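*Asks:* coordinates for the following, if possible.
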Amino acid sequence: MASLDFEQEKSSFRKYYDSNRKHFTDAKNAYIRIINSLMRRSDVVQVTKIEGRVKDKEECIKKFQSKYLGTLEANEQPFEIRDFISDLIGIRIVCLYEDHIPLVSEVLQRHFTILDVTDKISAVESTEDSFGYKGLHMDLALNKEMASLPKYRPYADCPFEVQIRSLIQDAWSVLDHKIKYKKSIPIDLKRRINILSALFELADREFKEIRNATAELMQQATVSPISDPLDDAREAPAQTATATGSKTVNVFSFLRIAGHFFRDFEFEDEKVDDFVQDILKLNNGFQKSELQKCLAENVKIVREYRDHFLTENPGKTFSPYTSIRHCLYLYDREAFGRILSRGPRERFSFWLKVSQGSSA
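*Replies:* Here you go, the predicted model:
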């Protein structure tokens, strides 16, 4: 029962906490499972981490004492500590970019009851002091629909806090908590911490800008028809000369050209990046126009060989990457002799010799 006796209420809270510790842990695990499922189904952002914890009971008491006790005693308002601890169960969601945070929030708002929202991003950005970490904090509870389900009904009385951060914000929060005595350190150290905080903020922004610029280039690479002239200026709106400002083949032009010849295949970003580097190691001046000519002239022959190979080796595969390697070998055997390893190169050369009468 509520009272104004802090010692009595501390004792009551400790008993309540200890008797419900397992229940809190079960609720935390249930919330992690629910949120994991929601994030997978929403497919709006790439979440790198979802984790949770049950707040230490002494930390709960300390928070209540520093944040609420003085006002309650001044107003002579009886209290129970547990009514003021909204983050006893805490869930942390880490996404890749800062602009993913509101998208995660929207998903949660559609499936949970919102009790309170604290936007620490806006709070930090509206002041000159950049101490502390950014992130969005939301106090949530099961909505009526979920609370009515038998498997979640036991947790209907367990609100929880969700912290949503970007990957960079999460890294800064870990480091920020390791800095001791932030309120008492000299001005020069505070300035250094502020500079470091600004660098993390800049990194968050730059990662987002790089993602956006890359996505735009990828869109051009996959949407533009192959018959269009390979206009460098149009392919590089950001004027990034090292990325697309020359005629040398790069990831974006490779995707555009290869995607035309292998329309039903989804090229993975990292594999494409590595594959293009393999090409350039053998011929660092290999141009986009040469890749287009290489595939146009040789892909039909290579597809005939692929069909022959798969007939002879029913358990094997012959991917578009393998096809392109064979096309490159046909296009310039001196430059791309090593694009195929010895076994595949000898088999292909033998097939060429037998089927077409060409010299190996």
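*Asks:* buried ones in stretch 53-70?
*Replies:* Val54, Lys55, Lys57, Cys60, Ile61, Lys63, Phe64, Tyr68, Leu69 (16 or more other CB atoms under 10 Å). Where C-beta positions appear, they are placed from N, C-alpha and C, glycine not excepted.
*Asks:* the second one against Ile91, yeah?
*Replies:* Going back to what we said before, that points to Lys55. No: under the criterion of CB atoms under 8 Å, Lys55 is not in contact with Ile91, lying 11.7 Å apart.
*Asks:* all strands for this protein, in order.
*Replies:* All strands of the chain, identified by DSSP state E, fall at 47-54, 89-95, 112-119, 136-142, 160-166.
*Asks:* partners of the third one, with directions?
*Replies:* What it means is strand 112-119. Its sheet considered, strand 112-119 pairs with strand 136-142 (antiparallel) by DSSP bridges.
*Asks:* tilt between the partner strand and strand 160-166?
*Replies:* Inter-element angle recorded for strand 136-142 and strand 160-166: 140 degrees (by axes from the mean of the first three to the mean of the last three CA atoms, to 10 degrees).
*Asks:* ok now strand 136-142, how far from the chain's centre?
*Replies:* 22 Å (CA atoms, centre = their mean, to the nearest Å).
*Asks:* so what touches it?
*Replies:* Contacts with strand 136-142, where a contact means CB atoms under 8 Å, 6 or more residues apart in numbering, come from 86-87, 101-102, 105, 108, 112-121, 147, 152, 155-156, 158-165.
*Asks:* cool, and stretch 304-315?
*Replies:* The contact list for stretch 304-315 (CB under 8 Å, 6+ apart) reads Lys316, Phe318, Thr322, Ser323, His326, Arg347, Phe348, Trp351, Leu352, Ser355.
*Asks:* just the pLDDT for the third one.
*Replies:* For Thr322, the model assigns a pLDDT of 97.
*Asks:* what number of residues lie near it?
*Replies:* Thr322 has 16 neighbours, counted by other CB atoms under 10 Å.
*Asks:* do you know how far the residue nearest to Lys49 when sequence neighbours are not counted is from Lys55?
*Replies:* Spatially, and ignoring its direct neighbours in sequence, Lys49 is nearest to Val94 (4.1 Å; CB to CB, 6 or more residues apart in numbering). Val94 is 19 Å from Lys55, where distance means CB to CB, to the nearest Å.
*Asks:* now Lys281
*Replies:* Distance, Lys281 to Lys55, using CB to CB: 54 Å.
*Asks:* again with Leu167
*Replies:* Note on Leu167: its distance to Lys55, by CB to CB, is 24 Å.
*Asks:* cool, Gln46 as well?
*Replies:* In this view, Gln46 and Lys55 are 28 Å apart by CB to CB.
*Asks:* cool, and Phe262?
*Replies:* 53 Å.
*Asks:* check Pro102 too.
*Replies:* Distance of Pro102 to Lys55, computed by CB to CB: 26 Å.
*Asks:* cool, Tyr305 as well?
*Replies:* 64 Å.
*Asks:* try Glu76
*Replies:* Applying CB to CB, the value for Glu76 to Lys55 is 28 Å.
*Asks:* and the helices in the stretch 201-350 of the chain?
*Replies:* 232-235, 241-244, 251-261, 269-282, 288-312, 320-331, 342-356 (DSSP state H, counting those that start in this stretch).
*Asks:* among those helices, which is nearest Ser37?
*Replies:* With respect to Ser37, and counting by CB to CB, the nearest of these is helix 269-282 at 26.3 Å.
*Asks:* now do that closest one: everything it contacts.
*Replies:* When contacts are defined by CB under 8 Å, 6+ apart, helix 269-282 is touched by residues 248-251, 254-255, 286, 291, 321, 324, 328, 335-336, 338-339.
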